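> Sharing a model that was predicted from the sequence below.
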Amino acid sequence: MLPLPPIDLNNVHHKLATHFRPWQRSFQFWARAVDIYTGYKVFQLRVSFVKDVKRQEEMWERQHEVAAEKIYAMCSDMGGLFLKVAQIVGKPDLAPVAWVKRLVTLCDHAPATPFDAVQLMLETELGRSIGEVFERFDVEPIGSASIAQVHRARLRGDKSDIVVKVQHPGVQDLMMTDIRNLQAFALYIQKTDVKFDLYSVTKEMETQIGYEFDFTREANAMEKIRKFLYENNKRTPVVVPQLIRNLVTRRVLVMEYINGIPILNLGDEIAKRGINPVGKVAAAAKQKILQSLTLAYGQMILKNGFFHADPHPGNILICKGSEVALLDYGQVKDLPDQLRLGYANLILAIADGDPVRALESYGELGIETLSTCEDEQKEMLKLAETMFDTKLPPGVTMLQPFSEESSIKKIAVQAFPEELLSVLRTVHLLRGLSVGLGINYSCAEQWRPIAEEALFHAGRLKGKDLKARNRRGGLLRRLLWRN
């Protein structure tokens, strides 16, 4: 009888861990999500017995702080998709202050893949050793996000630095497990507490995140957006990195290195240079940064329909002369013309404060609502401003879906097109940036001329109407930026 081959216990352990990891993550998610949710439900009951408004506010603040710690721990420990969820939720207009303060630190930090795994991935994808391709390759990554990490390097025979983006091994399967758990939780929440089509939000996240695992798609998107912005402006409003085309695969992406500072570090850089953070020089720099981003996104969304859909602070660099560089094209969206023009119409409704046009735009966009209030038109416009403009309506400081006075409670959003969620997220990310820079402005007002041009070229706005609108809007736009 032949002896049995030796058992590789490490290999058995690895296979078992891989097999059971999705189940382990599901258990982790549900245990933590249920804990956070029930904490709020119990608290809502407890606070309802308190009559003093100031006391209620203090209690809510403490509850948000407790929840913020739990949400931070969940996102930090589980990583992956939950780092992206933190980026979406951790905005001043979407979440309590305690959540924002805690979650903002997660945007740029994810565990790095060890260098030996990075080297294996690179050499497998490129078909050559690192030494054959690169003259220098920094072992420590510049940054590590939920899907990939980036290293600074230099190609053989070249004098300029480049950036190498490498996908984390095995991350895709885990993210798909996480998104399905999130979808189940969203279905429950929208039936019990938040009258908004949250399931569509998570379905759109699934689609967009699925795209992010194909770096060849990202490379094509980067080139397409770069070409559009550089060809449609005398000077492009944002810098888009140049690809190294022959070094792009499904899991590796190589591009030029852009020297700049993350927008989150702008305040520190201003202080380091001895510039008064509330003075005219700092204000002018911040205004230029926001103007550049607003113009770029207005052109991409309304004029082209194909846009970068992930402008969180980690993807924005500030270069010399307050020039803005926009990084990471894994999340892009291509709006059908019907939605692009419907959104252009909604932008005019918001800029003009026109509730009739807003209602018309809702129908055109496929946003289905159910009103439970008397002044439906006013609340519909207020909801449009809250969702799709960087400047919130008077008296609104953030979306409060649990509040009885919120527009989302009064106007239940029963259906919301998945394609439009990327626009919604982009506007909210721009709003978060504007809050961080201390500039309260209306992107709808700034996008008005681009929306008018889009509708004019589609034959939906006559030339004489366009001229009249431009005369009315020009001075107002200048005053808004000045203030």
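Happy to help now that I have it. Numbering: from 1, shown residues only.

> Tell me where the model's unsure across the stretch 101-250 of the chain.
For the stretch 101-250 of the chain, applying pLDDT under 70 flags the ranges 105, 107-109.

> mind listing the helices for it?
Secondary structure of the stretch 101-250 of the chain by DSSP state H, counting those that start in this stretch: the helices cover 115-126, 130-133, 171-192, 198-212, 215-231.

> deepest of the ones you listed, which one?
helix 198-212 (a mean of 20; mean count of other CB atoms under 10 Å). For glycine as for every other residue, the C-beta is placed from the backbone atoms N, C-alpha and C.

> So what touches that one?
Applying CB atoms under 8 Å, 6 or more residues apart in numbering, the external contacts of helix 198-212 come out as 81, 84, 147, 175-176, 179, 182-183, 186-187, 189-190, 217-218, 309, 330-333, 415-419, 421-422.

> May I have the phi/psi pair for F306?
Backbone geometry at F306, expressed as degrees, to the nearest 10, gives phi -110, psi 120.

> need the contact list for D328.
Going by CB under 8 Å, 6+ apart, D328 touches A145, E218, D310, G314, N315.

> In strands only, show me those residues.
Within the contacts of D328, membership in strands is found for no residue, as judged by DSSP state E.

> Just put those residues in TSV and tack on distance to Y257.
Listed next are those as TSV, based on distance: CB to CB, whole Å:
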residue	distance to Y257
A145	17
E218	17
D310	20
G314	16
N315	15
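
> Now list the buried members of those residues.
The neighbour-count test (16 or more other CB atoms under 10 Å) marks A145, E218, D310, G314, N315 as buried among the contacts of D328.

> Distance of the fourth one relative to L187?
When distances are taken as CB to CB, to the nearest Å, G314 and L187 turn out to be 30 Å apart.

> With the second one instead?
Using CB to CB, one gets 30 Å for the distance from E218 to L187.

> which stretches of the stretch 51-200 of the chain form strands?
134-137, 143-144, 148-155, 161-167 (DSSP state E, counting those that start in this stretch).

> Kindly report the same for the stretch 301-450 of the chain.
Using DSSP E, counting those that start in this stretch, the strands of the stretch 301-450 of the chain run over 306-308, 316-318, 324-326, 332-334, 368-371, 411-415.

> which helices and strands sit right next to the fourth one?
In other words, strand 332-334. helix 215-231, strand 306-308, helix 418-437 (3 or more CB pairs under 8 Å, 6 or more residues apart in numbering; DSSP states H and E).

> What's the mean pLDDT across the second one?
If I follow you right, that is strand 306-308. This predicted structure assigns strand 306-308 an average pLDDT of 95.

> cool, the last one as well?
With pLDDT averaged residue by residue, helix 418-437 scores 84.

> and the residue positioned nearest the centre of the chain, backbone torsions?
The structure's the chain has its C-alpha centroid closest to D310; by CA atoms, centre = their mean the separation is 4.0 Å. According to degrees, to the nearest 10, the main-chain angles of D310 amount to phi -150, psi 60.
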